[in-house]
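>>> Got a sequence here, can you build the structure:
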Amino acid sequence: MRSAELDYDLPPELIAQHPPRRRDASRLLVYERETGAVRHRTFADLPGELRGELVVVNDTRVVPARLRLRRESGGEAEVLLLEPLGDGAWEALARPSRRLRPGERLGAVELLEPLGGGRWRVRLDGEPAGEPPLPPYIREPLADPARYQTVYAGEPGSAAAPTAGLHFTPELLARLDVERVTLHVGLDTFRPLAVDELERHELHGERYRVEPQAWERIRVAGRVLAVGTTTVRVLETVARDGVLEGRTSLYVLPGFDFRRVDALLTNFHLPRSTLLALVMAFAGVAQTRELYRLAVEERYRFYSFGDAMLIL
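Take a look at the predicted model:
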């Protein structure tokens, strides 16, 4: 499949720059795969749209991982912590990468070695104490950092939020049958496609964990709703190999055989992204293109702080 097939036209003003006043006040586009029916709802209407699904969420917590630093020369530098490696070491993105050198100190960060593609192994003194790692397309400051966390966030470990979960409130969760898994979102989730053919894109893998009792509930459930693409990758990884903790580099493309995901809740994703490819694999390529065209026409809000889509 060509990467160009994941392109679509999006007016810049539809890229959400801030979250809605209430989490569950965002809009919800509902698509039924069997009938082709489409409905325009609000997220608070989600319980009424479900068919008895077990709702599975990714409970990772975003690390305050964006560190704005200064070089000893006085120049500005930035480090985005991606994943802890143990003993105070992290994998990170650092810039200006080409000007940086191993052994250089940037405040609480020591650069250890370049890993290629702007990635570095670094050592951090203490715990991360930076800003929420908002994507570059969000240009307005975030008034409340808690709005880039889900209300059910648990163990810290992510360099980006599992954004489909940002719409839930405690009150809404209480009306649903919910189970948790964990995938710590790293570079793979938001790294854009840089190849002409999707199959040539390489995933480096991200850490996940599923508790045995959680997997048993998920395994025997009549229907499972995956909240977000990261949850899909966990569920389909475990459904294939039965391993409840490790790293997954599962790459979901059109033609994929879904074994444990029956419905998908997701935000609207960037063009030429592995996330959009996953949605196309679940809903169909032509159907996803039409849904995105309709979302633009109906002025839905896109990306991290945008609206959501429920695919049944």
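>>> Distance check, the closest residue to Arg101 other than its chain neighbours against Glu206.
Nearest non-adjacent residue to Arg101, counting by Cβ to Cβ, 6 or more residues apart in numbering: Leu111, 6.9 Å away. The way it works is simple: take the backbone N, C-alpha and C, and place the C-beta from them, glycine included. Using Cβ to Cβ, to the nearest Å, one obtains 23 Å as the distance from Leu111 to Glu206.
>>> These two: who's more crowded?
When Leu111 and Glu206 are compared for neighbours, Glu206 comes out ahead with 25 against 21, by other Cβ atoms under 10 Å.
>>> Report the spatially closest residue to the more buried one, excluding sequence-adjacent ones.
Among residues not flanking Glu206 along the chain, Gly186 sits closest, at 4.7 Å (Cβ to Cβ, 6+ apart).
>>> burial count for the one you found?
20.
>>> Wait, it touches Leu81, no?
No. Look at Gly186 against Leu81 with Cβ atoms under 8 Å: they stay out of range, at 10.1 Å.
>>> just to revisit the earlier point, contacts only, for the residue nearest to Arg101.
94, 100-105, 120, 122 (Cβ atoms under 8 Å, 6 or more residues apart in numbering).
>>> cutoff 6 Å now
By Cβ atoms under 6 Å, 6 or more residues apart in numbering, the contact set of Leu111 is 100, 102, 104, 120, 122.
>>> Sort out for me which of these are in strands.
Among the contacts of Leu111, the members found in strands (DSSP state E) are 120, 122.
>>> Now the buried members of the contacts of Leu111.
By neighbour count, with 16 or more other Cβ atoms under 10 Å, those hold 100, 104, 120, 122 as buried.
>>> confidence score at the last one?
Yep, that's Val122 we're talking about. The model reports Val122 with a pLDDT of 97.
>>> so it sits right up against Trp90, yeah?
Yes. Between Val122 and Trp90 there is a contact at 5.4 Å, judged by Cβ atoms under 6 Å.
>>> what ranges do the helices span in the stretch 101-250 of the chain?
In the stretch 101-250 of the chain, the helices defined using DSSP state H, counting those that start in this stretch lie at 170-173, 187-190, 212-220, 229-241.
>>> Please dump those into CSV; it should also carry distance to Arg272 and mean pLDDT for every row.
Conversion of these to CSV gives the following (distance: least, Cβ to Cβ, whole Å; pLDDT from 0 to 100):
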stretch, distance to Arg272, mean pLDDT
helix 170-173, 32, 98
helix 187-190, 12, 66
helix 212-220, 31, 98
helix 229-241, 15, 97
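>>> most distant residue from the middle of the chain?
Here the centre of the chain is the reference, and by Cα atoms, centre = their mean the most remote residue is Ser73, at 35.9 Å.
>>> doesn't it fall inside a helix?
No. The assignment for Ser73 by DSSP: H, G, I helix; E, B strand; the rest coil gives coil, which leaves it out of any helix.
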